[in-house]
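1. Need coordinates for the below:
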Amino acid sequence: MPNSSDCKVATADGLTLLLHNQHALSAAIEEITKWLSENGIGSVAVNAVAAMETLDTNSQAITDSILRIRQS
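-> Numbers count the residues shown, from 1 in each chain. This is a model prediction of the structure:
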């Protein structure tokens, strides 16, 4: 069984990859939102902005978790 330190590193590394994926999704949603707004589909764009806000909120929580794991 791996030691606790190895598990913490693996967990933090896995969370870091998820955070990178979250940033990529946010960027994609931002591009789609821009296109929706420019093409007169504002109501859908509003929903996309709400999704980006959720990603941003969760991104900070994931970042905080990664830092706590790496510091312990």
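2. And the residue nearest the centre of this protein?
-> Of all residues in the chain, the one closest to the mean position by CA atoms, centre = their mean is Gln22, 2.8 Å from it.
3. hey, where'd the helices end up in this protein?
-> All helices of the chain, identified by DSSP state H, fall at 4-38, 42-71.
4. From Glu30, how far out is the residue nearest to the centre of the chain?
-> Here the distance between Gln22 and Glu30 works out to 13 Å (CB to CB, to the nearest Å). All C-beta atoms are positioned from the backbone trio N, CA, C, and that covers glycine.
5. if we can go back for a sec, could you list which residues are in contact with the residue nearest to the centre of the chain?
-> Taking CB atoms under 8 Å, 6 or more residues apart in numbering as the definition of contact, the neighbours of Gln22 are 55, 58-59, 62.
6. hmm, back to that, as a markdown table, the helices of the chain with mean pLDDT would be great.
-> Written out in a markdown table, the entries for the helices of the chain read as follows (pLDDT from 0 to 100):
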| stretch | mean pLDDT |
| --- | --- |
| helix 4-38 | 92 |
| helix 42-71 | 90 |
